[in-house]
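Trainee: Let's see this in three dimensions:
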Amino acid sequence: MTTNTTLSPPRRAATWWEHRTYPSHLSQIGQVRADLRCDLAGFDPDLVDTVLLCAAELAANAVKYAPGGKEFLRALALVDPHTLWLAIADEGGGTSLPRIPAQRSDEEWATAEGQRGLMLIDALARAWGHYPLGPWPGLGLGVWAAFPVTPRTPEAP
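Mentor: Residues are numbered from 1 along each chain as shown. Coordinates of the predicted model:
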């Protein structure tokens, strides 16, 4: 299990991809995935699939938990040769911070219809957390996940 920590975005990164904004609607999740697939061309396919799945969950949460938001933002960075960092930031308006519900029994989890996305991210990412978009409450929230990158070795001729 990874640690849920509140941290700011990385101050330095080996590579930053262009930030992308999307209309705050569930129909945009396919575009988020398509853009990520393009941006991560050349990375390990298993890593790309993991990032796509987690990005879809984070984007759906941004739409659901930031009512009235017009857009959400995707940020992507290769922090160092071993860490890929993804964040989805909403426009605010939510009333709670992201968390995995802790007060559910096994039976309640078995029949739960929602709130499983962060459990998925917790299982697939090295770490995840959240950060405020500004110094005042309600300006928006970024939720990030970090993924291990295994450098590829050149294939023998």
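Trainee: looking at it, G142 is touching H19, isn't it?
Mentor: No - contact criterion CB atoms under 8 Å: G142 and H19 do not qualify, at 11.0 Å. C-beta here means a position set from N, CA and C on the backbone, and glycine is covered the same way.
Trainee: So between those two, which is more surrounded?
Mentor: A direct count of neighbours by other CB atoms under 10 Å for G142 and H19 places G142 higher, at 21 against 12.
Trainee: Now the element after the longest strand belonging to the chain, going C-ward?
Mentor: Secondary structure assigned by DSSP state E gives strand 71-80 as the longest strand of the chain. Moving toward the C-terminus from strand 71-80, the next helix or strand (DSSP states H and E) is strand 83-89.
Trainee: quick one, longest helix in this structure?
Mentor: Longest helix in the chain, counting residues (DSSP state H): helix 45-65.
Trainee: for that one, packing partners?
Mentor: helix 29-39, strand 71-80, strand 83-89, helix 117-124, strand 141-148 (3 or more CB pairs under 8 Å, 6 or more residues apart in numbering; DSSP states H and E).
Trainee: Can you say which of these is nearest to R99?
Mentor: Checking those against R99 by CB to CB gives helix 117-124 as the closest, at 7.1 Å.
Trainee: Relative to P45, how far out is E71?
Mentor: Applying CB to CB, to the nearest Å, the value for E71 to P45 is 30 Å.
Trainee: Looking at these two, which has the bigger crowd around it?
Mentor: The residue with more neighbours, out of E71 and P45 and counting by other CB under 10 Å, is E71; that gives 16 against 9.
Trainee: didn't that one look like it was pressed against P23?
Mentor: Yes - here E71 reaches P23: they are 6.1 Å apart, a contact under CB under 8 Å.
Trainee: after the lowest-mean-pLDDT helix or strand in the chain comes which helix or strand?
Mentor: Using mean pLDDT, DSSP states H and E, the weakest-scoring helix or strand in the chain turns out to be strand 4-6, at a mean of 54. Downstream of strand 4-6, the next assigned helix or strand under DSSP H and E is strand 15-16.
Trainee: which secondary structure elements does that following strand contact?
Mentor: strand 71-80.
Trainee: Who does the strand it packs on pair with, and is each partner parallel or antiparallel?
Mentor: Strand pairing for strand 71-80, determined by DSSP bridges: strand 15-16 (antiparallel), strand 20-23 (antiparallel), strand 83-89 (antiparallel).
Trainee: For T150, find the nearest of the ones you listed.
Mentor: Comparing the strands paired with strand 71-80 by CB to CB, strand 83-89 comes nearest, at 10.7 Å.
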